[in-house]
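Enquirer: fold the following and give me the result.
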Amino acid sequence: MTTHPKDEKDRTVDDAQPTPTPTPTRRPARDIPRSPLTRNARLASLPLGFAGRSALRMGKRLLGQPVERLTGELQRRTGEQLFRVLGELKGGAMKFGQMLSVFEAALPPEVIGPYRAALTVLQEAAPALPAPRIHAVLAAELGADWRERFTSFDDEPAAAASIGQVHRAVWKDGRPVAVKVQYPGAGEALLGDYRQLGRLMKLFSLVTPGLDVEPMLDELRERVTEELDYRLEAAAQRAFADAFRDDEEVLVPEVIAFSERVLVTAWMEGTPLSAVIRDGTQQQRDEAGLKYARFLFSGPERAGYLHADPHPGNFRMLADGRLGVIDFGAVKHLPDGFPAALGTLNRLAQLGDWGAAHELLVAEGFMRPGSEPDDTALASFLLPIATPSREDTYRFTRQWLREEVVQAVDRGPGSLLRRFNLPPSYVLVNRVVGAATAVLCQLECELPFRAEALRWLPGFATPHEASAPA
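Expert: The predicted structure follows:
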């Protein structure tokens, strides 16, 4: 990813980055815990709390209370504690929780209830840092006279996320802006959290049964340090803003000013995608889903980047019908568009050409050279991936996702996963595809998905489709 020189702290353009609309009620502000001992103790409280609740459940069961009621209570309390602690710690803990939150659609119906409210809060809000701490960062990054850059600055944050919070302000030329300020100590907290979270895999499996969360954690640990430098985010956001300027369906706010830990972008009003998931009509869900999918599909070709943090908190439906997109801290540079192997594998699966699919998986490093072809295993693994683009339209549902999660985590003797490898260059792309699919299933939208795949996925079109007039 291209970066801007260190002395380029105050390049002004038009407009700027959005800032999430305040949603759930915030808990009292508190400083981010920075001490590794404090953070580790808070994270360690999660399995201890679960153990205590399990013991209490056993005691109540001995006293004759219904098992179903006790199990639901255990799930509810565990979910509340888990996501409350992840949100309060911010850093890597909260970012990991946000990643888990998009897979809410994959949870079985009997488990969804206790967690959905906590997941929504984690997507849209977190405890904020007090104003003096934020002022200190602004002075360090923009200079002691930082207030002279603004005609007004709201000390109450509009949104608080994993490594920074956003304040509404008015730039010196009168433009409403969003000011994203990184938490002091976010870097140390980020890296330390991933070491501790690796010890809590069994607890996360309670919240997301059937999901293998360890590779997700490994990927975050490797990539997330890039998000600590807002100059990198400014470069990526500018690339997207240029690519989608005057677009009828997507708005990417312009970058106005930036430093390593402060990013000033244009303010953007809108309805959070999570609200559309929760309350939207079917038409609103379909329209939002199409624009969301089209933005993610088209990003590599149009901007040279893939937006790599597709959870609902980063998207807004605007009053004019456009999709507003924020948070470009996590991106993957794909100057040549999506890898052609992704589209080719989809096409081969729909054609049932398992021999060619096996050869491509070996060539791309997904399977070891010399591995034996297994048409049945390849079909069970690839056909579900190719399902949404098989027909002209497809309805994404929670039920379908739950079934696919069960299929994906099957590690029986015949499972392809026992012989499967994910090459490093595909890890982030694979994560985005999985998370975006989960969001579409949360929306339960119906889309002309095949047309989007034909338009944006290299290698997907058959020779006949590729030669057809646009």
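Enquirer: what's the span of stretch 323-330, first residue to last?
Expert: 19 Å (CA to CA, to the nearest Å).
Enquirer: ok, residues contacting that stretch?
Expert: 17-20, 161, 163, 223-224, 226-227, 230, 232-233, 236-237, 240, 249-253, 268, 270, 288, 291-292, 295, 305, 307-309, 313-318 (CB atoms under 8 Å, 6 or more residues apart in numbering). (Glycine included, C-beta is placed from N, CA and C.)
Enquirer: now restrict these to buried residues only.
Expert: Buried by 16 or more other CB atoms under 10 Å: 17-20, 161, 163, 223-224, 226-227, 230, 232-233, 236-237, 240, 250-253, 268, 270, 288, 291-292, 295, 305, 307-309, 313-317, out of those.
Enquirer: among the residues you listed, name the ones in helices.
Expert: 223, 230, 232-233, 236-237, 240, 288, 291-292, 295 (DSSP state H).
Enquirer: turn those residues into JSON lines, columns for pLDDT and distance to residue 372.
Expert: Below are these laid out as JSON lines (pLDDT from 0 to 100; distance: CB to CB, whole Å):
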{"residue": "223", "pLDDT": "65", "distance to residue 372": "34"}
{"residue": "230", "pLDDT": "95", "distance to residue 372": "49"}
{"residue": "232", "pLDDT": "94", "distance to residue 372": "43"}
{"residue": "233", "pLDDT": "95", "distance to residue 372": "45"}
{"residue": "236", "pLDDT": "96", "distance to residue 372": "42"}
{"residue": "237", "pLDDT": "97", "distance to residue 372": "47"}
{"residue": "240", "pLDDT": "98", "distance to residue 372": "44"}
{"residue": "288", "pLDDT": "98", "distance to residue 372": "44"}
{"residue": "291", "pLDDT": "98", "distance to residue 372": "43"}
{"residue": "292", "pLDDT": "98", "distance to residue 372": "39"}
{"residue": "295", "pLDDT": "98", "distance to residue 372": "40"}
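Enquirer: present those residues as a markdown table; the columns should include distance to residue 182.
Expert: Below are those laid out as a markdown table (distance: CB to CB, whole Å):
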| residue | distance to residue 182 |
| --- | --- |
| 223 | 17 |
| 230 | 7 |
| 232 | 12 |
| 233 | 10 |
| 236 | 16 |
| 237 | 15 |
| 240 | 20 |
| 288 | 30 |
| 291 | 29 |
| 292 | 27 |
| 295 | 25 |
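Enquirer: between those residues, which is nearest residue 175?
Expert: Distance to residue 175 across these (CB to CB) is lowest for residue 237, with 16.1 Å.
Enquirer: and the strand or helix carrying residue 347, what other elements does it pack with?
Expert: Element membership of residue 347, judged by DSSP states H and E, is helix 340-351. Packing contacts for helix 340-351, counted by 3 or more CB pairs under 8 Å, 6 or more residues apart in numbering; DSSP states H and E, involve helix 354-363, helix 375-386.
Enquirer: mean pLDDT lowest where, among the ones you listed?
Expert: Ranked by mean pLDDT, the helices and strands packed on helix 340-351 end with helix 375-386 at the bottom, a mean of 83.
Enquirer: who touches the helix or strand that that one is followed by?
Expert: The helix or strand immediately downstream of helix 375-386 is strand 394-395, counting by DSSP H and E. By CB under 8 Å, 6+ apart, the list of residues contacting strand 394-395 from outside reads 387-388, 444-447, 449-450.
Enquirer: ok, now with 7 Å
Expert: 388, 446-447, 449 (CB atoms under 7 Å, 6 or more residues apart in numbering).
Enquirer: done for today, thanks.
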